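Chemist: Structure of the sequence below:
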Amino acid sequence: MVESLDMFKRIFWLVLLTVVFFSCASGWSQATSEVIVERNVAMKTRDGVTLRANIYRPVGDQKLPVLLQRTPYDKGGGEDFGRLAASRGYVVVIQDVRGRYASEGEWYPFKYESNDGFDTVEWAANLTNSNGKVGMFGGSYVGATQMLAAVSRPPHLAGICPVVTASNYHENWTYQGGAFEQWFNESWTSGLAQDTFNRAIRQGNNAMIGSKVLPLTQYPLFNLALPSDGAGLTKEFAPYFLDWLAHPEYDNYWKQWSIEELYESIQVPALTVAAWYDIFQGGSLRNYAGLKAHAGNETARREQRLLVTIGGHAGIGRKIGNVDFGSAAEEYDENTLTLAWYDYLLRGQQNEFASDKRVKIFVMGENKWRLEDSWPLDRAKATRYYLESAGKANGLSGDGELSAEPSKAKVPDNYVYDPAHPVPTVGGPLCCDSEHLAAGPKDQREVEGRADVLVYSTSPLEQDMEVTGPVTLDLYAKSSAVDTDFTAKLVDVSPDGSAQNLTEGILRARYRDSTKESKPIVPGKIYEYRIDLWSTSNVFLKGHKIRLEVSSSNFPRFDRNLNSGRGASISQEIVKATNTIYHDGDHPSALVLPVVPR
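Modeler: Here you go, the predicted model:
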């Protein structure tokens, strides 16, 4: 009896170990709820690197369209969508990109995605259950893997669905207006470096880290001051971060994978998803406009679609930041939208995407969805609101106004920008650490109470006013320094005084003409600056005010301009700057809003 029991135990453990082994092995298949899952299926790239994917498909031998995602965020996170789409009659392939999780090779953002994307699309198109049509999907960097695959023109790629992603990895990923996107770059890179760190541990590569094994979030890896230990770890686990700092201008390093340079190479329809509070909003909207105008064939240009939701990286659902956007906001579901897009594009279903209306936007304030013919809206009228004051627009208690008529006052406004005490970031388009810095709409009154923030407001509106489209600020200003920043923020002020940020921008003075070349300013000389605040769609309700904030910092979303002409990554020399804003007849500083007739 004892011998029989021991034999049973041995058989039990043998079976258990066998199951564990095969569950971890490449290509293991599992059939659950009529969906077959194959894990860690290998493919070889043209240069011999093995990439691995999970594949989801319905039971049976039918030929089906393939939905492909290439991700740096761990392919296992796509399990729910994989099963859902497979149950709807798709083969779903979710692959770890090169150098991430189960895939071999070097992780370096953007560098390999065109060739690897081409190879993966063609491999997926030839899977046993594939009908040869491949569509790609996903957001953020996963949007980049789609765009960069599409520019390589894989023959079997039939469409893409890039969600909240960039168009130019210099200007709306790493920098904006010449300023370094410090919060995003450091938090995103630190998060991605964790897997690289873990791989080094598994491979016994302790040259840099010795016996110290700890989460990278607990280590000062990506501080812009770059202490010696942090710089060493950055070079080991995220060398691209140092490359980003070394290329502050839009040069050939960035041009090699800039989507904006390559729209004509994309020959497939795209459903572009943007979001008003998203960190890549500007790039997403440029992608739609660029593909609609310049995609490589007439069919692709005609079949471009755009949907603009609210939060993106700033959040999903009806409540984003401090604002409840109502039940209509809950209608947005990325998985449902993706499947509807490919039901239309790959299966020919006559659903919402068969409409002649190619654009769908969420209009804040009224909190409703609306279909449009185009973006930007043809009927929106560029309307100038001129800055005006008696020279004391500093803070909420100041006398700054926005007026439909040019100011006749000769007295400018000025403030002292001290890099040691920058204006703090409060909400807005942020990623990727909401625990320490929350994104989205937040009350700006605390920021507006500072003397180094100029505040210009309209009188309470006598009727509702819709602003939908690109927002800019034409600013005439001088500085006592050889370089400085100018920031701008559009705000919706409620009758109770709460101030909801809508959209914002920044411009580093030395990049006033172009981000391709820096040009120091002459202290004391007045320059015209055109600040891009990206876009919004908002109805300013009756009794509300339109407000503009002007300052010189928004930290830590952007790195501080030290006013010395040198970047914060190579210098700690701080210079206080007195910055002066002009708004007279010769210098008509104005906020330019796209007002929609109602």
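Chemist: ends of stretch 163-182, how far apart?
Modeler: End-to-end span of stretch 163-182 (C-alpha to C-alpha, to the nearest Å): 22 Å.
Chemist: tell me how far that stretch is from the chain's mean position?
Modeler: With C-alpha atoms, centre = their mean, to the nearest Å as the basis, stretch 163-182 stands 8 Å off its chain's centre.
Chemist: Next, the residue positioned nearest the centre of the chain: phi, psi?
Modeler: Nearest to the geometric centre of the chain sits Phe280, at 2.9 Å (C-alpha atoms, centre = their mean). The phi and psi values for Phe280, taken as degrees, to the nearest 10, are phi -110, psi 20.
Chemist: same thing with Phe555?
Modeler: Torsion angles at Phe555 (phi, psi; degrees, to the nearest 10) stand at phi -110, psi 130.
Chemist: Show me where the stretch 251-400 of the chain has its helices.
Modeler: Under the criterion DSSP state H, counting those that start in this stretch, the stretch 251-400 of the chain contains helices at 252-255, 281-294, 298-302, 334-347.
Chemist: Which one, of these, ends up nearest to Arg557?
Modeler: Nearest to Arg557, of all the helices of the stretch 251-400 of the chain, is helix 281-294, at 13.6 Å by C-beta to C-beta. Where you see a C-beta, it was placed from the backbone N, CA and C, and this is true even at glycine.
Chemist: I'd like to know which elements the closest one is packed against.
Modeler: The contact analysis (3 or more C-beta pairs under 8 Å, 6 or more residues apart in numbering; DSSP states H and E) places helix 281-294 against strand 271-275, helix 298-302, strand 305-309, strand 527-540.
Chemist: just these: most buried one?
Modeler: Comparing these by mean neighbour count (mean count of other C-beta atoms under 10 Å), strand 271-275 comes out on top with a mean of 27.
Chemist: what does that strand contact?
Modeler: 139, 159-164, 280-281, 284-285, 287-288, 291, 304-314, 334, 337-338, 341, 353 (C-beta atoms under 8 Å, 6 or more residues apart in numbering).
Chemist: hmm, back to that, quick check: the residue nearest to the centre of the chain touching Asn172?
Modeler: Yes. Contact criterion C-beta atoms under 8 Å: Phe280 and Asn172 qualify, at 5.9 Å.
Chemist: joint contacts of these two?
Modeler: Joint contacts of Phe280 and Asn172 (C-beta under 8 Å, 6+ apart) are Ala166.
Chemist: From Asn129, how far off is Leu306?
Modeler: From Leu306 across to Asn129, the span is 32 Å (C-beta to C-beta, to the nearest Å).
Chemist: ditto for Ser403
Modeler: To Asn129, Ser403 is 65 Å away according to C-beta to C-beta.
Chemist: Excluding sequence neighbours, find me the nearest residue to Glu113.
Modeler: Spatial nearest neighbour of Glu113, excluding adjacent residues (C-beta to C-beta, 6 or more residues apart in numbering): Leu148 at 3.9 Å.
Chemist: what helices or strands is the helix or strand where the one you found lies leaning on?
Modeler: Assessed by DSSP states H and E, Leu148 sits inside helix 141-150. Secondary-structure packing of helix 141-150 (3+ C-beta pairs under 8 Å, 6+ apart): strand 64-71, helix 113-125, strand 130-139, strand 157-163.
Chemist: what's the angle from the helix or strand following the first one to strand 64-71?
Modeler: Following strand 64-71 in sequence order, the next helix or strand is helix 79-87 (DSSP H and E). Here helix 79-87 runs at an angle of 170 degrees relative to strand 64-71 (axes from the mean of the first three to the mean of the last three C-alpha atoms, to 10 degrees).
Chemist: for helix 79-87, which positions count as buried?
Modeler: 81-86 (16 or more other C-beta atoms under 10 Å).
Chemist: got it, and stretch 113-127?
Modeler: Of the residues in stretch 113-127, 113-121, 123-125, 127 count as buried by neighbour count, 16+ other C-beta under 10 Å.
Chemist: thought Tyr73 was touching Gly138?
Modeler: No. Shown here, Tyr73 and Gly138 do not form a contact pair, counting by C-beta under 8 Å, at 9.1 Å.
Chemist: contacting residues around Leu285?
Modeler: Listed by C-beta under 8 Å, 6+ apart, the contact set of Leu285 reads 274, 306, 308, 375, 534-535.
Chemist: Looking at those residues, spot the one nearest Glu466.
Modeler: Out of the contacts of Leu285, the member with the shortest distance to Glu466 (by C-beta to C-beta) is Ser535, at 13.1 Å.
Chemist: ok, so what distance separates the closest one from Asp278?
Modeler: Noted for Ser535: a distance of 11 Å to Asp278, by C-beta to C-beta.
Chemist: Same check on Lys381?
Modeler: Distance of Lys381 to Asp278, given as C-beta to C-beta: 26 Å.
Chemist: so how far is stretch 240-251 from its chain's centroid?
Modeler: For stretch 240-251, the distance to the chain centre is 18 Å (C-alpha atoms, centre = their mean).
Chemist: ok, and what's touching that stretch?
Modeler: Contacts with stretch 240-251, where a contact means C-beta under 8 Å, 6+ apart, come from 108-109, 168, 170-171, 174-175, 178, 180, 185, 189, 222, 224, 231, 234-235, 253-254, 511, 514-518, 567, 569.
Chemist: Sitting in helices, which of these do you find?
Modeler: 185, 189, 231, 234-235, 253-254 (DSSP state H).
Chemist: and which of the residues you listed is nearest to Asp399?
Modeler: Nearest to Asp399 among the ones in helices among the contacts of stretch 240-251, with distances taken as C-beta to C-beta, is Asn185, at 38.0 Å.
Chemist: how deep is the closest one tucked in, by neighbour count?
Modeler: Neighbourhood size, Asn185 [other C-beta atoms under 10 Å]: 20.
Chemist: show me what contacts Gly365?
Modeler: 464, 466, 492, 538-541.
Chemist: ok, those vs Arg530, which is closest?
Modeler: Asn538 (21.6 Å).
Chemist: Which residue is the nearest non-sequential neighbour of the closest one?
Modeler: Leaving aside its chain neighbours, Asn538 sits nearest to Met364 (4.4 Å; criterion: C-beta to C-beta, 6+ apart).
Chemist: Please apply the same query to Lys545.
Modeler: Nearest residue to Lys545, sequence neighbours excluded (C-beta to C-beta, 6+ apart): Val493, at 4.0 Å.
Chemist: Surely that neighbour is in contact with Ala499?
Modeler: Yes. Between Val493 and Ala499 there is a contact under C-beta under 8 Å: 5.1 Å.
Chemist: so where is the chain shaky, pLDDT-wise?
Modeler: Where the chain drops to pLDDT under 70, the residues are 1-33, 205-231.
Chemist: Kindly report the domain assignment for it.
Modeler: Here the domain parsing of the chain from automatic domain parsing is 25-171+254-372, 180-247, 381-596.
Chemist: Between the two ends of the second one, how far is it?
Modeler: To tie it back to what came earlier, the one meant is domain 180-247. Domain 180-247 end-to-end distance (C-alpha to C-alpha) = 11 Å.
Chemist: circling back to that earlier point, give the PyMOL command for selecting the buried subset of the ones in helices among the contacts of stretch 240-251.
Modeler: Applying 16+ other C-beta under 10 Å to the ones in helices among the contacts of stretch 240-251, the buried members can be selected in PyMOL as follows:
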select buried, resi 185+189+231+234+254
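Chemist: Show me the two of the ones in helices among the contacts of stretch 240-251 that sit farthest apart.
Modeler: The largest distance within the ones in helices among the contacts of stretch 240-251, taken as C-beta to C-beta, falls between Ala231 and Trp254 and amounts to 22.2 Å.
Chemist: Would you quantify the distance from Glu249 to Tyr90?
Modeler: From Glu249 to Tyr90 the distance is 43 Å (C-beta to C-beta).
Chemist: Looking at these two, which is more packed in?
Modeler: Tyr90 (25 against 15).
Chemist: And for the residue lying closest to the more buried one once chain neighbours are set aside, the neighbour number?
Modeler: Spatial nearest neighbour of Tyr90, excluding adjacent residues (C-beta to C-beta, 6+ apart): Leu67 at 5.0 Å. Using other C-beta under 10 Å, Leu67 is surrounded by 30 other residues.
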